[in-house]
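> after the sequence you'll find the predicted model.
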Amino acid sequence: MTGRPVALVGGVTTAFGVRPTTWAEMAQEVGAALFRAIPTLRAEDVDSLFVGAAEPERFAFQSHVAPLAAEQMGLQPHRVIQRTELACASGQSAIRSAYAAIAAGLSDIAVAVGVEKMNLPSMAEANSAMGCVMDRPWDGPHGATAPPFFAMVAQRHMMEYGTTEEQLAAVSEKNHRFANSNPHAQFYAKKFSKEKLLGLPVVAPPLRLGDCSSMTDGAAAVLLVADKFVRKYTETPAWVRGTGQYSDFHNLANAGSLTKWTGMTHAAREALRGAKVAIGDIDFAEIHDCFTISEIVEYEALGLCSPGEGGAFAADGRGDLGGDLVVNPRGGLLGCGHPLGATGIAQAVEVYQQFAKQVPVARQVPDPEWALVHNLSGSANVHSVMVYHGGGAS
Amino acid sequence: MSAGAKSRRIAPTPASSDTETRSVPRAVPPTERPREKRPFLLDFFPLEGPDQTRLSRFYDRLREGRLSTTRCPKDDEWHWPPRVACPKCHSEELEWKDLPERGRIYAFSAVLGGAPMGMEADVPFSVGLVDLNGVPLRLFGRIEGRPWPELHVGDSVRVEPYDLGDGRVFYRFRTID
Ligand SMILES: [Zn+2]
């Protein structure tokens, strides 16, 4: 990593779920929560704002959301203001852009916020918005949305490696269980046993309802600062130590192997190289479980196990508390819901709070030092990875 | 090219001769389901005319019953979707080639709920990735015919152009019994 050291020094999320509120109202809500959570933060000190939002044009009929968010949050950014859009990874894109701006000296103190409003009176309209993420004139007319695509990934993984529905359910059970200790989660206080998950209706064979993350309204925000400002805001910074991204294809025809996400392997390798650590050094990971099968393929792409062994990795609890590392202690997208632009920011909030030991004991990773965050976007055609260190001083 | 990009190349067999010779226009059947007219920004089907796309020949040929795409003769690169510039050598001198009418299912699923606007009445419907016979292309598309519980990976399907009833055409796959 080059440039000035950058740390994430605090963050908040709103409640995630089906919420009777608008895009702009959630931006106000998360702004208010951020200033409450970081009492030393003054609005005039925030020189830059990065706004992760995937589809406000579709879900809220609203463009130019960066200044809209600034106004809602009571900010007047005077160095960098921009929106980042990378579908499901729009939030992490905002953090990466803030990191890059601070590392380069363009910004000292920046907020990265993610907001998405997805639940509409007509869910067919919302489903159309999700279809726009695909190659609209070619894949769209066939009815391509995320569930049938990831269902094909699951079908091939089952065919090629013998992965089972029970192994998929093990991922969902773990992440829903973690979400039970996260009051912001869409499925907080909702119990899902493996038996219950395996009895839920099929939505895109072989995937059942419990294999899929939800349409979710929510917002999250983090504060990132250059090293010399860290102590003004926290004693437990999460240092950005590595980043990597890889864009492989867009049209579904060009996906190649559905079960080997080599783009993720490249992105993770780059992020780990920047941090000068190996995957075995990672204590916990927030990875993109938009579907249960995603988390299984991601174990393999990260090199946590061999190709084909992801299902067993899940069923054997190797991604659970007490396992090789803890995967998705926040509750994942499956348990928390997936407000596209807010997800990547909420994952980073979890990283900060895990390092600061501010989460309920049921999901606290013991003395974590290194964390990895991953988002895929679209049809797993783009992978974005960041590595954080919680080691106190820079 | 990356390892990821290389892995997407599917069996680089040369095109079979039927892709060169088939040229007899045939009637394209209308869609069974009447389509409601909707504004372009709420309609996944593209604008197909030469006033909106440089690829209008794709739709003209589809109207004649021929699914086709562009190929770069310089480096024998078959494109999907069709293009105006080759992604490999960036040549803009591309040729149109008919695609084989048959292929085999590589993977499939079905939409049993949560369909986009205009497709609610189609539910349940099947979609899949189909390896076209004899060309290095794996196309995504709707699969009509047998319902999803009766589909298998490896099943043969044929390309089926169809008329949207509003001057536009599109394509899908249909199972072969
Ligand atoms: Zn070429």
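Arrived safely, thanks for sending. Numbering: from 1, shown residues only, chains lettered A, B, ... in the order given.
> care to break the chain down by domain?
No chain was given, so I picked chain A. A:6-121+A:215-238, A:138-212+A:241-390 (automatic domain parsing).
> oops, I was thinking of chain B
Looking at automatic domain parsing, the domains of chain B come to B:46-99, B:100-177.
> is the shortest one up against chain A anywhere?
This means domain B:46-99. Yes: using CB under 8 Å from any CB of the partner chain, domain B:46-99 reaches chain A at B:46, B:80, B:81. To be clear about C-beta, it is placed using only N, CA and C from the backbone, and glycine gets the same treatment.
> gap between the two ends of that domain?
End-to-end distance for domain B:46-99, by CA to CA, to the nearest Å: 20 Å.
> do that domain and the ion meet at all?
Yes: judged by CB under 5 Å from the ion, domain B:46-99 and the ion are in contact via B:72, B:74, B:75, B:77, B:86, B:88, B:89, B:91.
> report pLDDT for residue 1.
Went with chain A since none was named. Residue A:1 carries a pLDDT score of 68 in this model.
> let's do chain B instead
The model reports residue B:1 with a pLDDT of 32.
> next: residue B:11.
At residue B:11, the predicted lDDT confidence score is 41.
> then the one 4 residues further on?
At residue B:15, the model reports a pLDDT of 42.
> and residue B:27, by the same measure?
Value for residue B:27, per-residue pLDDT: 71.
> which helix or which strand is home to it?
Using DSSP states H and E, residue B:27 maps to neither a helix nor a strand.
> ok, now which ones touch it?
By CB atoms under 8 Å, 6 or more residues apart in numbering or on different chains, the residues touching residue B:27 are residue B:65.
> 10 Å instead, please
B:63, B:64, B:65, B:161, B:163 (CB atoms under 10 Å, 6 or more residues apart in numbering or on different chains).
> which two of those residues have the greatest separation?
For the contacts of residue B:27, the farthest-apart pair by CB to CB is B:64 and B:163; their separation is 11.8 Å.
> shared neighbours, these two?
The contact sets of residue B:64 and residue B:163 overlap at B:27, B:28, B:169 (CB under 10 Å, 6+ apart).
> among those residues, which one sits closest to residue A:199?
Out of these, the member with the shortest distance to residue A:199 (by CB to CB) is residue B:169, at 42.9 Å.
> is it fair to say residue A:114 lies in a strand?
Yes: per DSSP: H, G, I helix; E, B strand; the rest coil, residue A:114 lies within a strand segment.
> around residue A:382, how many other residues sit close by?
By the criterion of other CB atoms under 10 Å in any protein chain shown, residue A:382 has 23 neighbours.
> where does it land on pLDDT?
According to the prediction, residue A:382 has pLDDT 98.
> and it, how far from the ion?
Between residue A:382 and the ion the distance, using CB to the ion, to the nearest Å, works out to 24 Å.
> rebuild the residues of domain B:46-99 next to chain A as JSON lines, extending it with secondary structure, pLDDT and neighbour count.
Output for these, formatted as JSON lines (DSSP: H, G, I helix; E, B strand; the rest coil; pLDDT from 0 to 100; neighbours: other CB atoms under 10 Å in any protein chain shown):
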{"residue": "B:46", "secondary structure": "coil", "pLDDT": "96", "neighbour count": "19"}
{"residue": "B:80", "secondary structure": "coil", "pLDDT": "98", "neighbour count": "20"}
{"residue": "B:81", "secondary structure": "coil", "pLDDT": "98", "neighbour count": "17"}
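> surely residue A:250 is in contact with residue A:381?
Yes: applying CB atoms under 10 Å as the test, residue A:250 and residue A:381 come out as touching, 5.7 Å apart.
> which one's more surrounded, these two?
residue A:381 (24 against 18).
> where does pLDDT dip in chain B?
Within chain B, the stretches with pLDDT under 70 are B:1-26, B:34.
> where along it do the strands fall?
Remark: strands assigned in chain B by DSSP state E are B:68-72, B:77-78, B:95-98, B:102-111, B:125-132, B:138-144, B:156-163, B:169-175.
> swap in chain A?
Counting by DSSP E, the strands of chain A are A:6-13, A:48-52, A:80-84, A:109-116, A:202-204, A:207-208, A:218-226, A:238-247, A:284-286, A:326-327, A:370-377, A:382-389.
> which other helices and strands contact the last one?
Okay, so that is strand A:382-389. In terms of contacts (3 or more CB pairs under 10 Å, 6 or more residues apart in numbering or on different chains; DSSP states H and E), strand A:382-389 is packed against strand A:6-13, helix A:90-104, strand A:238-247, helix A:262-275, strand A:284-286, helix A:340-355, strand A:370-377.
> so in chain B, which helix runs the longest?
Longest helix of chain B, by residue count under DSSP state H: helix B:56-63.
> what angle sits between it and strand B:169-175?
Here the directions of helix B:56-63 and strand B:169-175 differ by 50 degrees (axes from the mean of the first three to the mean of the last three CA atoms, to 10 degrees).
> which other residues reach helix B:56-63?
Applying CB under 10 Å, 6+ apart, the contact partners of helix B:56-63 are B:23, B:25, B:27-28, B:46-50, B:53, B:66-70, B:81-82, B:96, B:98-99, B:159, B:161-163, B:167-171.
> filter those to the buried ones?
Buried subset of the contacts of helix B:56-63 (neighbour count, 16 or more other CB atoms under 10 Å in any protein chain shown): B:28, B:46, B:48, B:53, B:66-70, B:81-82, B:98-99, B:159, B:161-163, B:168-171.
> stretch B:89-105: how far from the chain's middle?
Centroid separation between stretch B:89-105 and its chain, computed with CA atoms, centre = their mean, to the nearest Å, is 11 Å.
> low-scoring stretches of the stretch 251-394 of chain A, by residue?
For the stretch 251-394 of chain A, the stretches with pLDDT under 70 are A:392-394.
> which residues of it lie near chain B?
A:251-266, A:379, A:381, A:383 (CB under 10 Å from any CB of the partner chain).
> same check on the stretch 1-150 of chain A?
Proximity of the stretch 1-150 of chain A to chain B is confined to A:57-58, A:122-132, A:134-150 under the rule CB under 10 Å from any CB.
> in helices, which of these appear?
The helices, defined by DSSP H, take in A:57-58, A:123-131, A:146-150 from the residues of the stretch 1-150 of chain A next to chain B.
> ChimeraX command for the buried members of these?
Per 16+ other CB under 10 Å, the buried members of these correspond to this ChimeraX selection:
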select /A:57,58,123,124,126,127,128,129,130,131,146,147,148,149,150
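> which one of the ones in helices among the residues of the stretch 1-150 of chain A next to chain B is nearest the ion?
residue A:149 (28.0 Å; CB to the ion).
> how many neighbours does the nearest residue to that closest one once chain neighbours are set aside have?
Using CB to CB, 6 or more residues apart in numbering or on different chains and skipping residues adjacent in sequence, the residue nearest residue A:149 is residue A:379, 4.8 Å away. Neighbourhood size, residue A:379 [other CB under 10 Å]: 26.
> which residues sit in contact with residue A:379?
Taking CB under 10 Å, 6+ apart, we find residue A:379 in contact with A:87, A:133-135, A:139, A:144-146, A:149-150, A:152-153, A:248-252, A:255, A:258, B:140.
> one more time with 7 Å
A:134, A:149, A:252, A:255 (CB atoms under 7 Å, 6 or more residues apart in numbering or on different chains).
> so what's the first one up against?
By CB under 7 Å, 6+ apart, the contact list for residue A:134 reads A:140, A:144, A:252, A:378, A:379.
> quick check: the residue of the stretch 251-394 of chain A nearest chain B.
residue A:256 (3.0 Å; CB to the nearest CB).
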